[in-house]
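S.K.: Provided below are the primary sequence and the corresponding predicted coordinates.
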Amino acid sequence: MAPSVPRTRATAALRMKQIALDNQDRTIRRLRAQLATERRGLAAMKKELEETRVALEASHKAIAGLTEIGLSMSKKIERMKVKKQQVRANHVECHQKFQARIHEAEDSMQAQHLIIEALVDEKDSLLQTIQGLQEDNNAPAPFDGDWEEEP
């Protein structure tokens, strides 16, 4: 029995080594499959990351464009506000000038009215003086208020 025992042990040891090698081979294949899966996942993530980066850059460009448009609009609004204030100031100035001219015209009309009243009073006074003188001199009235044209 002695010669078969070492053979059996050697065979068993070989068999154990073969099983260990088979186990290692399966582990290596499983790990390679996992590695391939991880690489595919990593490639997909890289692709998503690149797409996200491109989209983010486009977003930044759009935001920058909108910001520029907003700033431009703000400047235009400010210019319009300034122009509106200038127009309002010009309107107030013109209104004040127009009111001053109206007051001047009213004052002038009032002064002319007073002059006309004074002239009418003076005419009445002169007529009374003329009538008084004519009565003193017994002369006929030069006119009776109705003008007649000579033929």
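M.R.: Received, thanks.
S.K.: if I look at R26, how far off is I19?
M.R.: For R26, the distance to I19 under the criterion C-beta to C-beta, to the nearest Å works out to 11 Å. No exception for glycine: its C-beta is placed from N, CA and C like everyone else's.
S.K.: what's the answer for Q96, then?
M.R.: Between Q96 and I19 the distance, using C-beta to C-beta, works out to 112 Å.
S.K.: Check what pLDDT M1 gets.
M.R.: The predicted local distance difference test score for M1 is 45.
S.K.: Renumber starting at 236 from here on
M.R.: New numbering, starting at 236: the last item is M236.
S.K.: so where do the helices sit in the protein?
M.R.: Taking DSSP state H as the test, the helices found in the chain are 239-372.
S.K.: Point out where it drops to low pLDDT.
M.R.: Where the chain drops to pLDDT under 70, the residues are 236-241, 374-386.
S.K.: ok, 90 please
M.R.: Along the chain, the parts satisfying pLDDT under 90 run over 236-245, 365, 367-386.
S.K.: And A279, how close does it get to E273?
M.R.: Counting by C-beta to C-beta, the separation of A279 from E273 is 11 Å.
S.K.: Ok, N373 next?
M.R.: N373 is 147 Å from E273, where distance means C-beta to C-beta.
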